[in-house]
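Engineer: Curious how this folds, go ahead:
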Amino acid sequence: MADDRRTNFVGIIFTLYRNNFGLFWRIMIPVAIIAILLHIAMFFRTVNAIEKYVDDKPDYTATAYLNTFYGIVPKVSIPDLFSTLEYLPLNRVKSARSSPPFIWQYFPVPTVGTINNDSKSIWHWTLNFQTYDYTALKTLMLLTLCPLSLAIATLFANSRFSDVLPDSTPLTAREAWRQTGKKAFKLLGAFVVFVLIVDVGNYIQIGITLLIPSLMESLSIPLITTLVMLISIYLLVTLSLYNPCLILENRSIIGIFKRSHALVSGARLRFLWIYLLTGWIAAVFTSVLLGTVLLLFSVFFSELAPIREALTPLKFLSLFIGGNVAVELPNLPSTLPTVSLLIVKGIITTFLVPIWAIVTTRLYLESVENIAEAK
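Structural biologist: Model (predicted):
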């Protein structure tokens, strides 16, 4: 029975999403509205910071970056950066021609860096709450995964797709959030722990840099990047079921991650393949939809015309196989097209979140059932 359901994995996801589209959106709408409004507010906060930063720097320009995957991102343009890199020593490039770090995250992230002061490097550690990041909207929307997983598990229990859970009545959006609210502190705590754990590769890199700087100098940057990426992928797959474990089982925060590790063990490659396929489909969907919206907006807003020139017919077709087209605008666009693009990006992100919730919840139910059958 389990093997039959695995062969129809994609069909189950599509059918469940189509039949319960309204319920999923009712669950996500409160968080989605807050996330989009915060995203818009922090975008313009960042723009103001950039404009103040470039006021007395004639070589710097406040502009924006259009991308068929990220949407619109504010940035500092440095036209002569590459020629500057040829003539300035590496330790002077940062202070002379570097962009300010305009990144914003919704959660505290330990940051280790250097402060150049009279040719001295001082190590410092901070908790960063005030940076702008184009993935922050998606990060905040992840908080809806618990109520979504609860609703999805209930729907599976009442359908022909699963016999893991006992029959129960379908949840409403209000009931899903009420039951999630009972575990609010555990949800937030597990979320922060999850973020810190999956970033452990960067912490290892920072630790080696601090304790054994000669080793870091002897290793190549591509090798270090690859190792950090592999560690992150392994941890993301291993702990990927922590949301359904949190909401569907009564365990401690540590127990949640141990449970996810136990459920994933022995099937990591299958999980990785499913996640990669899901991510690729989400990327294609995002790029095609955002590319279409950017082309449409470029007709009504002349300041977005560069994206129409960059998105030639051939490049637009490449979006359907995972391509990505980007262009830097000569100037910051006005408020209306900017806000419109940020809202569209928020809606697309909201549309995709239930897919991840269905995939992880379905894999959780399959793993629980497999363990039960094995016993």
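Engineer: Distance from the helix ranked longest in the chain to the middle of the chain?
Structural biologist: The longest helix of the chain (DSSP state H) is helix 335-374. Chain-centre distance of helix 335-374: 11 Å, with Cα atoms, centre = their mean, to the nearest Å.
Engineer: Same check on stretch 325-332?
Structural biologist: Offset of stretch 325-332 from its chain centre (Cα atoms, centre = their mean): 22 Å.
Engineer: Pull out the buried residues from the longest helix of the chain.
Structural biologist: If you call a residue buried by 16 or more other Cβ atoms under 10 Å, then helix 335-374 has these buried ones: 337-342, 344-346, 348-369. C-beta: built from backbone N, CA, C; applies to glycine.
Engineer: Shouldn't Leu332 be within a strand?
Structural biologist: No. Checked against DSSP: H, G, I helix; E, B strand; the rest coil, Leu332 lies outside a strand; its state is coil.
Engineer: How many neighbouring residues does it have?
Structural biologist: Neighbours of Leu332 under the rule other Cβ atoms under 10 Å: 18.
Engineer: That one against Thr63, yeah?
Structural biologist: Yes. Contact criterion Cβ atoms under 8 Å: Leu332 and Thr63 qualify, at 6.0 Å.
Engineer: OK, contacts around Ser340?
Structural biologist: Phe297 (Cβ atoms under 8 Å, 6 or more residues apart in numbering).
Engineer: gap between it and Asn324?
Structural biologist: Applying Cβ to Cβ, to the nearest Å, the value for Ser340 to Asn324 is 21 Å.
Engineer: Please enumerate the helices of the stretch 1-150 of the chain.
Structural biologist: Counting by DSSP state H, counting those that start in this stretch, the stretch 1-150 of the chain has these helices, from start to end: 2-7, 9-19, 21-54, 81-87, 90-97, 136-141, 145-157.
Engineer: Can you show me the CA trace of the second one as PDB?
Structural biologist: What that stands for is helix 9-19. Below are the C-alpha coordinates for helix 9-19, written out as PDB (Å, rounded to 0.1, in the frame of the first residue of the first chain):
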ATOM      1  CA  PHE A   9       3.400  11.200  -4.900                       C
ATOM      2  CA  VAL A  10       3.100  14.200  -7.300                       C
ATOM      3  CA  GLY A  11      -0.600  13.400  -8.000                       C
ATOM      4  CA  ILE A  12      -1.400  13.400  -4.300                       C
ATOM      5  CA  ILE A  13       0.200  16.700  -3.800                       C
ATOM      6  CA  PHE A  14      -1.500  18.300  -6.700                       C
ATOM      7  CA  THR A  15      -4.900  16.900  -5.800                       C
ATOM      8  CA  LEU A  16      -4.700  17.900  -2.100                       C
ATOM      9  CA  TYR A  17      -3.600  21.400  -3.000                       C
ATOM     10  CA  ARG A  18      -6.300  21.900  -5.600                       C
ATOM     11  CA  ASN A  19      -9.100  20.600  -3.400                       C
END
